[in-house]
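# what follows is a protein structure lacking sequence information:
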């Protein structure tokens, strides 16, 4: 080929020179970015065998890419699942996971009423248009939930490990037991807990979803999602949806998330410690009616669920406040008074970010429905970062005073 290239004209050389060199003999210590849409082989027969899944390999990045596969394998191992698929966002991962669970016209989904607003909207609007009925219930009331599950016999139960934004910890073992009793799947959004604090598959879940934009990436500079399945069959169904719908994760994004994943443990431990200190400091503050944080729960049952679900002694890296003056104006004054913490519509970043759920994560939820959930206009969610905790506390306290 080298001699042939020397005989090519300049117009041809600029297209092909330097490409398709043999793989290096040394194994890269870090996963490279395979920035290619297609892969070629020495013969057409080899390519045909890869297309037919008779030979291991890659042919087209929508079907698979080594950089993306490295991220999928890393998160599969962290969640201790059978397989994983990466997507362009957390919502894309959730959408594909619901489709892979076999939702069809006439099916019923039983979802926690405390879900992220966009998740509730996805179930109501897109799946509602497909003839899928969604019923919302309080997953913390297990006796009432059991009666609802047995009456509805849903196809899928949808829960969050730690709810958004009031930080309720789900009893995943109880939810899984109820789901499997009627032949349903349990799908868990584990974004807030991360696989470092909780492995829902080990507690009975069938599918786990993450917005990798948050803690897995961890630096506020990449968008992505991933779903992990308990069985290989479910992973094949998920992969089929990914190939057909095409909501795949890009290779550059996969590389960024994989790099961020390396520091997940040290970041989450520091963020949890900071969040615990902030929550304890603000508990009983004169300008707050309530501080939400999992380890501050008073009743014994909730404490037991937190200990059983999350890695001790951690309670997560989010703290939610409710202002005593529970108005949008007061919430905006607080946010505008912050000097260190960032007004941010996401979470899980290295910096501390503050969000107003009523105008952000739950903006599409009707005001009456928000109030029923306990999300007043005075509720603020703080995603605690890696800064010195004394600086975080000082900033929040001066903003409350202002």
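Looks like it came in fine. Remember, predicted model here, so these are calculated numbers, not experimental data.
# from now on I want contacts and neighbour counts done on CA atoms only, so please keep to that.
Will do.
# quick one: secondary structure of residue 380?
For residue 380, the secondary-structure state derived from DSSP: H, G, I helix; E, B strand; the rest coil is strand.
# what about it, distance to residue 121?
Distance from residue 380 to residue 121, counting by CA to CA, to the nearest Å: 21 Å.
# so what's residue 324 up against?
By CA atoms under 8 Å, 6 or more residues apart in numbering, the contact list for residue 324 reads 286, 287, 288, 289, 290, 378.
# out of the residues you listed, which are inside strands?
288, 289, 290 (DSSP state E).
# picking that back up, tell me which of residue 380 and residue 121 has more neighbours.
The residue with more neighbours, out of residue 380 and residue 121 and counting by other CA atoms under 10 Å, is residue 380; that gives 25 against 16.
# the more buried one touches residue 360, doesn't it?
No - if you go by CA atoms under 8 Å, residue 380 and residue 360 don't touch, sitting 10.4 Å apart.
# neighbours of residue 77, how many?
Under the neighbour criterion other CA under 10 Å, residue 77 is assigned a count of 15.
# quick one, what contacts residue 260?
Residue 260 makes contact with 216, 217, 218, 219 under the criterion CA under 8 Å, 6+ apart.
# does it count as helix, strand or coil?
When the structure is split into helix, strand and coil by three-state DSSP, residue 260 lands in helix.
# can you show me the strands along the stretch 151-300 of the chain?
For the stretch 151-300 of the chain, applying DSSP state E, counting those that start in this stretch gives strands covering 156-160, 185-189, 207-211, 225-229, 288-292.
# residue 320 in helix, strand or coil?
For residue 320, the secondary-structure state derived from three-state DSSP is strand.
# could you measure from it over to residue 388?
Counting by CA to CA, the gap between residue 320 and residue 388 amounts to 19 Å.
# check contacts around the nearest residue in space to residue 363 that is not next to it in sequence.
Distance criterion CA to CA, 6 or more residues apart in numbering; nearest residue to residue 363, sequence neighbours excluded, is residue 357 at 6.9 Å. With contacts defined as CA under 8 Å, 6+ apart, residue 357 is in contact with 165, 363, 375, 379, 380, 381.
# rerun at 10 Å
Contacts were defined as CA atoms under 10 Å, 6 or more residues apart in numbering; by that measure residue 357 touches 116-117, 164-165, 320, 345, 363, 365, 370, 375-381.
# quick one: residue 333 and residue 396 touch, right?
No - with contacts defined as CA atoms under 10 Å, residue 333 does not count as touching residue 396, sitting 12.0 Å away.
# hey, what's in contact with both of these two?
With contacts defined as CA under 10 Å, 6+ apart, the residues shared by residue 333 and residue 396 are residue 402.
# these two - which one has more neighbours?
Taking residue 333 and residue 396 together and counting by other CA under 10 Å, residue 396 has the greater number of neighbours (22 against 14).
# I'd say that one and residue 337 touch.
Yes - in this structure residue 396 lies within contact range of residue 337 using CA under 10 Å: 8.7 Å.
# name the residues contacting each of the two.
Common contacts of residue 396 and residue 337 (CA under 10 Å, 6+ apart): residue 402.
# average pLDDT across stretch 45-61?
For stretch 45-61, the per-residue pLDDT values average out at 92.
# show me what counts as buried in it.
46, 47, 51, 57, 58, 59, 61 (16 or more other CA atoms under 10 Å).
# would you confirm that residue 354 belongs to a strand?
Yes - residue assignment for residue 354, taken from three-state DSSP, places it within a strand.
# can you show me the helices along the stretch 1-150 of the chain?
2-7, 10-16, 44-51, 66-79, 90-100, 117-121, 127-129, 142-152 (DSSP state H, counting those that start in this stretch).
# those helices: lowest mean pLDDT?
Here those differ in mean pLDDT, and the lowest is helix 2-7 at a mean of 57.
# for the stretch 151-300 of the chain, give me the ranges with low pLDDT.
Of all residues in the stretch 151-300 of the chain, none has pLDDT under 70.
# go with 90
297-299 (pLDDT under 90).
# show me what the host helix or strand of residue 390 is packed up against.
Under the criterion DSSP states H and E, the helix or strand holding residue 390 is helix 389-401. For helix 389-401, the helices and strands in contact under the criterion 3 or more CA pairs under 10 Å, 6 or more residues apart in numbering; DSSP states H and E are helix 264-282, helix 328-337.
# if we use 6 Å, what do you get?
Under the contact criterion of 3 or more CA pairs under 6 Å, 6 or more residues apart in numbering; DSSP states H and E, the helices and strands touching helix 389-401 comprise helix 328-337.
# between the contacts of residue 260, which is closest to residue 276?
Within the contacts of residue 260, the smallest distance to residue 276 is 19.1 Å, found for residue 218 (CA to CA).
# correct me, but the closest one touches residue 349?
Yes - with contact defined as CA atoms under 6 Å, residue 218 reaches residue 349; the gap is 4.8 Å.
# of the contacts of residue 260 - the most surrounded one?
The most crowded member of the contacts of residue 260 is residue 216, carrying 32 neighbours; neighbours defined as other CA under 10 Å.
# tell me how many other residues surround residue 87.
When neighbours are defined as other CA under 10 Å, residue 87 has 28 of them.
# next up, the contacts around residue 155.
Residues near residue 155 by CA atoms under 6 Å, 6 or more residues apart in numbering: 108, 109, 184.
# identify the bridge partners of the second one.
When bridges are taken as DSSP bridges, the partners of residue 109 come out as residue 134, residue 156.
# offset the numbering so it begins at 9, please.
Yep, numbering from 9; the last one is residue 117 now.
# is it true that residue 364 touches residue 388?
Yes - under the contact definition of CA under 6 Å, residue 364 touches residue 388, with a separation of 4.9 Å.
# with adjacent residues omitted, what lies nearest to residue 178?
Once chain neighbours are set aside, the closest to residue 178 by CA to CA, 6+ apart is residue 169, at 5.3 Å.
# ok, residue 192 - contacts?
163, 164.
# now it: how far from residue 116?
10 Å.
# so for stretch 259-271, what gets flagged as buried?
259, 260, 261, 262, 263, 264, 265, 266, 267, 268, 269.
# do the same with stretch 376-385
The neighbour-count check on stretch 376-385 (16+ other CA under 10 Å) flags 378, 383, 384, 385 as buried.
# check stretch 280-295 too.
For stretch 280-295, the neighbour count (16+ other CA under 10 Å) marks 280, 281, 282, 283, 284, 286, 287, 290, 291 as buried.
# okay then, goodbye and thanks.
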